[in-house]
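S.K.: model the following, please.
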Amino acid sequence: QVQLVESGGGLVQAGGSLRLSCAASGSIFNIYAMSWYHQAPGEARELVAVITSSGTINYAESVKGRFTISRDNSKNTVYLQMNSLKPEDTAVYYCKMTLRTGAVYPISDYWGQGTQVTVSS
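M.R.: Purely as a prediction, here's the structure:
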């Protein structure tokens, strides 16, 4: 079994910063990609940022220049540094890891429980 535990959400004023963390534990053979998504009320879950095992990074247009994704492979942890936050960034943020639990097992996606980020104007 694999568990993803997120932390770092909260309430912040517009222009402020937050740092989200997501740590994976359990039976992990290899992690191929780590991602952050967000979901605002009544809207679909959307990709915010992704970092692959080779270090390739992609961001949603709405967060480019403000958010930074990084990973610590030794800790199976992904981070999302969010600066210059805007009210429209308000959402539940979820981490996702695309990984294999064993050499012969298929690659699967695992999700964190979500953490609320609220940006006040």
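S.K.: from here on, contacts and neighbour counts on C-alpha atoms
M.R.: Will do.
S.K.: what sits against the spatially most central residue of the chain?
M.R.: For the chain, the residue lying nearest the average C-alpha position, counting by CA atoms, centre = their mean, turns out to be Trp36 (2.6 Å). Contacts for Trp36 (CA atoms under 8 Å, 6 or more residues apart in numbering) come out as 47-50, 80, 93-96.
S.K.: where does it fall, secondary structure wise?
M.R.: Following DSSP states H and E, one finds Trp36 within strand 30-39.
S.K.: run the chain-centre distance for that strand.
M.R.: Strand 30-39 has its C-alpha centroid displaced from the chain centroid by 6 Å (CA atoms, centre = their mean, to the nearest Å).
S.K.: pairing partners for it, with directions?
M.R.: Paired with strand 30-39 in the same sheet, following DSSP bridges, are strand 46-52 (antiparallel), strand 91-100 (antiparallel).
S.K.: can you lay out the ones you listed as a markdown table showing mean pLDDT, mean neighbour count and distance to Gln1?
M.R.: As requested, the strands paired with strand 30-39 are arranged in a markdown table below (pLDDT from 0 to 100; neighbours: other CA atoms under 10 Å; distance: least, CA to CA, whole Å):
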| stretch | mean pLDDT | mean neighbour count | distance to Gln1 |
| --- | --- | --- | --- |
| strand 46-52 | 98 | 20 | 22 |
| strand 91-100 | 98 | 22 | 11 |
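S.K.: out of the ones you listed, which comes closest to Ile31?
M.R.: Taking CA to CA, strand 91-100 is the member of the strands paired with strand 30-39 nearest to Ile31, at 4.2 Å.
S.K.: got a list of contacts for the closest one?
M.R.: Strand 91-100 is contacted from outside by 4, 6, 22, 28-41, 106-118, using CA under 8 Å, 6+ apart.
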